[in-house]
Every structure is written in C-alpha cells, then in structure tokens.
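Colleague: Sequence isn't available, so here's the structure alone:
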C-alpha cells in the first residue's frame, strides 16, 4: 500500500482550475519531486497535502488514512518552507521544540528529541543560539530539524533551497539527500530547479498547467520524455521542426537525421529535440552516429563550459555546449566543422504538442 496517495485531486478558484485531476501514488520512504514552472500547480498540491489549502475535489491518504479534511495539526506531516519561518525571538532549541510542545511533549523526552533532531542535521551544540546568529544554510537546517523532530509520516519541502546561493545550495542538496536516506521518510519536494529534482529524487513528477506531464525516474524523464513539454523543459534542448521521410527525419533546409526511435509515419510532422550537452564538435566526421557539416555562428565562454551557436545548412541552427578545457573549446566564428550526434540522443515527438 502506498504511503501517500493523491486521487483525482482538483483545486479551483472560481472558474479557474489550478490543479486538474491529479493522481499520484508515492511509496513508503520514497523521495518524489514535483517539478515545473511557476504557476503549474506544484505548490498548491503540496499545500493541499499539508492541510493549508482545501481541495475542491479528490482525496488524500497517508498510510491508508484519509486526511483530506483534517486540520494541519492532525495530519502528522512535517513542512519546511522556502523562507525558513523560524521564530526570531526563540533560540534554536525552542524553535525545534515548538511543535513537540504543542503535542504535549516536555521534560527529558522533549530534550532528547530536540537534541536528536539537531544532531541529524549536524547542528549539535547550536541549541542556545538565535536564528540571527546563523548562516542561511544553518537556518534552513534548523527548519528541517523542527520538521523532523515530531517524527512525521511525511516530510514536505516547499522550494527550501531557492533562497540560498549556488555553492550553499549544492551543499544543502547533499545534506537533504543524506537526511532523507538516514530517516527513510516519505518526502514530497517542490522545486522549479530541474537539476535539484533530478539529483535528489527517486521519481520526478513534471507538471504544467495543473496537469501531470510525466511521472517517472530521473533517468527516464531525461532520456525518454513523454511529451514535448517535458523534452523542452528538461536539460538544455535544441528544438527543431521536421518531417518524417523514409524512416528518418528531414529538417528545414533538407538536412536528414536518423533517430534510434521514431514512432511517427512518413509524411507526419514531428518535433526534434537535441540536448546541447549531447552533441560533440570535431574537425573531422565522427565514427558513431550522425556527422552534420556546420559553421560556428557565435561563441560564448562561461567558465567550465563554452557555448556555440552552430549553423546547419541554410536555415537551421543549434546550440552546443562543450567543456572549456576540451579540444573543441577554441573554435572561432566562421570555422567549419562537423556536428556529431548519436542516434539515441535524437528525441522525436509528434508535432503540435503544446510546450
């Protein structure tokens, strides 16, 4: 039996549906991310699970218990906000103890639970400090300790790392993954950051316009997107229009590619997705896959990577990303070369799907 079950969940505000018939089954101990652009409905779903928003239709169960209409304090879920939401006038210890006190915990039992939670987030000995005396990452870990101290059935994260700088965000991703692994607690994580979702999650639920586009493992989401929206949202894709001809796809200008997988029939329009990082550049044609002649139209250096805009034929262009220390890092505008693309890296989906 699933630990968390969302069945036909709907949320309407007047005539506008922000969540439309969403059903998810999340296994016990699983880490699932809700991923999508702003306004896709992911935070609304999280807040319905937390009890902060009431569904218009549908049911929410945790461990087989229907919690759809229960108040937040009766759901046994832990929630970590984007803004930390710590009490500035309370010490770290009192912030973590807050939820436990409301449940009637006190004395040595409360002391032990708070110390255990702080140790889990690597803040043992910080109990007497105040939030203003902590870094952003430490404050976020206090918020995590407060959420796990009552030992919830489900842990909910509402974009908890978005306020941190890039280096600290990377460090906190590791902390989050370690904490979830150690606790083996079912986790629902909301983010608009695809790298965050892919690196943390057992499965990712990609959403758009209140609808689930795909719910699968990070590997499947990345390599086998189910819709044009997923293919365009994940990674750094080049998106090209093409027509199927003789088991291949023909791009504008007559360039022909031969993808490994092609479900469309001859004469059908398709959209072709080629990720920037899946392409290599060389002076000579590669021995594996497609080798398409190209010309460098633009070069952009960004530290670890160099991005090129490469013109293919008369009317197609793609963006290619290569390591700045690699052989192809010193090409210049106007240089001619070969764009090498493996057939398995050419993703095709039926034309006309909204993205």
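Modeller: Yes, it's here. Small disclaimer: the values here were computed from a predicted structure and weren't measured.

Colleague: Can you list the low-confidence ranges for this structure?
Modeller: In the predicted model of the chain, residues 1-2, 286-289, 352-355 satisfy pLDDT under 70.

Colleague: Tell me the first helix or strand C-terminal of the biggest helix by length in it.
Modeller: The residue-count maximum for a helix in the chain (DSSP state H) belongs to helix 166-183. Next helix or strand after helix 166-183 toward the C-terminus (DSSP states H and E): strand 186-191.

Colleague: what packs against that following strand?
Modeller: Secondary-structure packing of strand 186-191 (3 or more CB pairs under 8 Å, 6 or more residues apart in numbering; DSSP states H and E): strand 31-35, helix 42-50, strand 154-158, helix 194-200. Just so you know, the C-beta spots here come from the backbone N, C-alpha and C atoms, and that holds for glycine as well.

Colleague: Could you spell out the sheet neighbours of it, each with its direction?
Modeller: strand 31-35 (parallel), strand 154-158 (parallel) (DSSP bridges).

Colleague: Quick one: those as a markdown table, columns for distance to residue 347 and mean neighbour count too.
Modeller: Below are these laid out as a markdown table (distance: least, CB to CB, whole Å; neighbours: other CB atoms under 10 Å):
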| stretch | distance to residue 347 | mean neighbour count |
| --- | --- | --- |
| strand 31-35 | 18 | 26 |
| strand 154-158 | 30 | 23 |
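
Colleague: Out of the ones you listed, flag the one nearest residue 293.
Modeller: strand 31-35 (36.8 Å; CB to CB).

Colleague: and of the strands paired with strand 186-191, who's closest to residue 67?
Modeller: Taking the strands paired with strand 186-191 one by one with CB to CB, strand 154-158 is closest: 9.5 Å.

Colleague: what is the orientation angle of the closest one with helix 166-183?
Modeller: Strand 154-158 and helix 166-183 are oriented at 170 degrees to each other (axes from the mean of the first three to the mean of the last three CA atoms, to 10 degrees).

Colleague: And strand 154-158, how far out from the chain middle?
Modeller: With CA atoms, centre = their mean, to the nearest Å as the basis, strand 154-158 stands 14 Å off its chain's centre.

Colleague: need the contact list for residue 276.
Modeller: 235-238, 307, 318-321 (CB atoms under 8 Å, 6 or more residues apart in numbering).

Colleague: Could you do residue 310 as well?
Modeller: Applying CB under 8 Å, 6+ apart, the residues near residue 310 are 281, 294-297, 317-320, 337, 339.

Colleague: what do you get for residue 235?
Modeller: 194, 222, 275-277.

Colleague: Of all the strands paired with strand 186-191, which one is nearest residue 242?
Modeller: Of all those, it is strand 31-35 that lies closest to residue 242, at 27.2 Å by CB to CB.

Colleague: ok, and what's touching the closest one?
Modeller: By CB under 8 Å, 6+ apart, strand 31-35 touches 24, 26, 42, 45-46, 177, 180, 187-192, 194, 196-197, 200-207.
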